[in-house]
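A.B. asks: only geometry, no sequence info:
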């Protein structure tokens, strides 16, 4: 009995030590990440937000399908053609080309979005900024290095998006803003799984858009 008790104590001490490992992710930071992700999702689910793929983009699909805007229709036709080419490339075993074509197809969808909803880049940018501000206020001075690293990266994406918008490239600006919110939408996974390429994870999810 004494040996079992000692063993249990030893296991608990090892677990506690691992939890404080500066190279790992603490349980506390995962809890903070869950709350921060909920904040981002709350912003995205609001009437003025809704900027991550599973929400905002999917709600636009029906509007895009029914649009009579000729420029938007042209963008969507190109998007469908590029997706067909991507499927063919995948079947041929060229995964890299397939990925490039899917990316181009997604940008064409965003081209249609901007045509129908010209203020989409500004709106999504404001939503991302609001999510960042609310998450930082929630964190306060708590120790959360991985979360803060993700937030710093998202801020860089927002800077790039604003620069693209200033240059008149609304599609790129929208794509970067959507990527930003998608990263926040998956914050727990990015922190827990230690993703090194947040952009790639977010882009692959968003490029699954189909019309």
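C.D. replies: Looks like it came in fine. Just so we're clear, the structure is a prediction, and the values are computed from it rather than from any experiment.
A.B. asks: gap between the two ends of stretch 136-151?
C.D. replies: In stretch 136-151, first residue to last residue: 9 Å (C-alpha to C-alpha, to the nearest Å).
A.B. asks: And the contacts of that stretch?
C.D. replies: 25, 28-29, 32-33, 35-36, 39, 132, 135, 183-184, 187, 190-191, 194, 198 (C-beta atoms under 8 Å, 6 or more residues apart in numbering). For the C-beta atoms, the positions are set from N, CA and C on the backbone; glycine is no exception.
A.B. asks: Would you mind listing which of the residues you listed are buried?
C.D. replies: Listed as buried from the contacts of stretch 136-151 are 25, 29, 32-33, 36, 39, 132, 135, 183-184, 187, 190-191, 198; burial here means 16 or more other C-beta atoms under 10 Å.
A.B. asks: could those go into JSON lines alongside distance to residue 117 and pLDDT?
C.D. replies: Below are these laid out as JSON lines (distance: C-beta to C-beta, whole Å; pLDDT from 0 to 100):
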{"residue": "25", "distance to residue 117": "38", "pLDDT": "76"}
{"residue": "29", "distance to residue 117": "36", "pLDDT": "92"}
{"residue": "32", "distance to residue 117": "34", "pLDDT": "94"}
{"residue": "33", "distance to residue 117": "31", "pLDDT": "94"}
{"residue": "36", "distance to residue 117": "28", "pLDDT": "94"}
{"residue": "39", "distance to residue 117": "25", "pLDDT": "92"}
{"residue": "132", "distance to residue 117": "22", "pLDDT": "96"}
{"residue": "135", "distance to residue 117": "26", "pLDDT": "97"}
{"residue": "183", "distance to residue 117": "22", "pLDDT": "91"}
{"residue": "184", "distance to residue 117": "21", "pLDDT": "93"}
{"residue": "187", "distance to residue 117": "26", "pLDDT": "91"}
{"residue": "190", "distance to residue 117": "28", "pLDDT": "86"}
{"residue": "191", "distance to residue 117": "32", "pLDDT": "89"}
{"residue": "198", "distance to residue 117": "26", "pLDDT": "73"}
